[in-house]
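>>> Here's my sequence, what's the structure:
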Amino acid sequence: MDTVEQLCARLLARFPTAQISVVNNPGAAAEHSLLLDPAFAREIACFLRDEPGLRLDYCSNATGVDWPEKTITETTRTTVADPAGGPAKVVEQKTQRLQPGCLEAVYHLYSMELKHGPVIIRLRTANRTDQVTLPSLTPVWRSCDFQEREIFDLYGIVFAGHPDLRRLLMWDEFKDHPMRRDYVAPDDFEWEPTPHDDVLARAKGHYPVPTPAPTPEAKA
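Numbering: from 1, shown residues only. Coordinates of the predicted model:
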């Protein structure tokens, strides 16, 4: 089985106009992945599934990731000579840049035929607001069906070409996507028939104020 770097080079040779890169995993598992160009994702997926020597015919898992925008601080070091002839000094300069947010779909692929894997591929949306569409890979791997529906439900990625894209865990009238990092849970859950614990404490804020019973003097 190719390393992820070899596989990346192989895909770039097959799809020279596509943007494909390696995303390194710094963790102990070191399961590095391939970030694919969404415009070529379906073609690349078919290649990974059908190419002899790869035959990645099974997607075991598909999940979503939310990457909010964040500020990245980068440090550059420059060696400056001392005009008086003393030792050179290293000058550090820090710059900041805003990294835009996006949503991500991650797929773990295996070959049942050749008994190897996983190969991990990633697709990223253009942003987290109005450009959240990615191509569905369900037509390539049927096991992606419910998992892409779950990603749509919880993260809000719209999978173009999915055969039945609708909410899977939340009800149709539910607003927002509860796995987004900026999701704020409502104070009152309409589906909670008997509020208790912290839900009860929040729900009480929505209860009507009880009307005091009239006093005997008022009745007279």
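>>> mind checking which helix or strand of this structure has the lowest mean pLDDT?
helix 216-219 (a mean of 63; mean pLDDT, DSSP states H and E).
>>> Quick check: beta-bridge partners of the residue most central in space within the chain?
The centroid of the chain falls nearest to V65 when counting by Cα atoms, centre = their mean (2.0 Å). Beta-bridge pairing of V65 under DSSP bridges involves E104.
>>> Next, the contact list for it, please.
Contacts for V65 (Cβ atoms under 8 Å, 6 or more residues apart in numbering) come out as L103, E104, A105, V106, Y155. C-beta here means a position set from N, CA and C on the backbone, and glycine is covered the same way.
>>> switch the cut-off to 10 Å
C102, L103, E104, A105, V106, R122, R124, I151, Y155, I157, M179, R181 (Cβ atoms under 10 Å, 6 or more residues apart in numbering).
>>> And it, what's its pLDDT?
The model reports V65 with a pLDDT of 97.
>>> That one and L165, how far apart?
19 Å (Cβ to Cβ, to the nearest Å).
>>> Kindly report the same for Y207.
For Y207, the distance to L165 equals 38 Å [Cβ to Cβ].
>>> more crowded one of those two?
Each of Y207 and L165 has its neighbours counted (other Cβ atoms under 10 Å); L165 has more, 18 against 10.
>>> Which of the helices or strands spans the more buried one?
L165 belongs to no helix or strand when elements are defined using DSSP states H and E.
>>> and what of V209?
Going by DSSP H and E, V209 is not in any helix or strand.
>>> For L114, give me its contacts.
For L114, the contact set (Cβ under 10 Å, 6+ apart) comprises M1, P52, G53, L54, R55, L56, D57.
>>> try 8 Å
By Cβ under 8 Å, 6+ apart, the contact set of L114 is M1, G53, L54, R55.
>>> And the residue nearest to the first one when sequence neighbours are not counted, how close does it get to L48?
Right, the one you point to is M1. Nearest residue to M1 in three dimensions, chain neighbours excluded: H116, at 4.4 Å (Cβ to Cβ, 6 or more residues apart in numbering). Counting by Cβ to Cβ, the separation of H116 from L48 is 12 Å.
>>> Which residue of those two possesses the greater neighbour count?
Ranked by neighbour count (other Cβ under 10 Å), H116 and L48 place L48 first, with 24 against 16.
>>> Verify the stated contact: the more buried one with L109.
Yes: counting by Cβ atoms under 8 Å, L48 does reach L109; the two are 6.4 Å apart.
>>> Now the common contact residues for those two.
L56, V119, I121.
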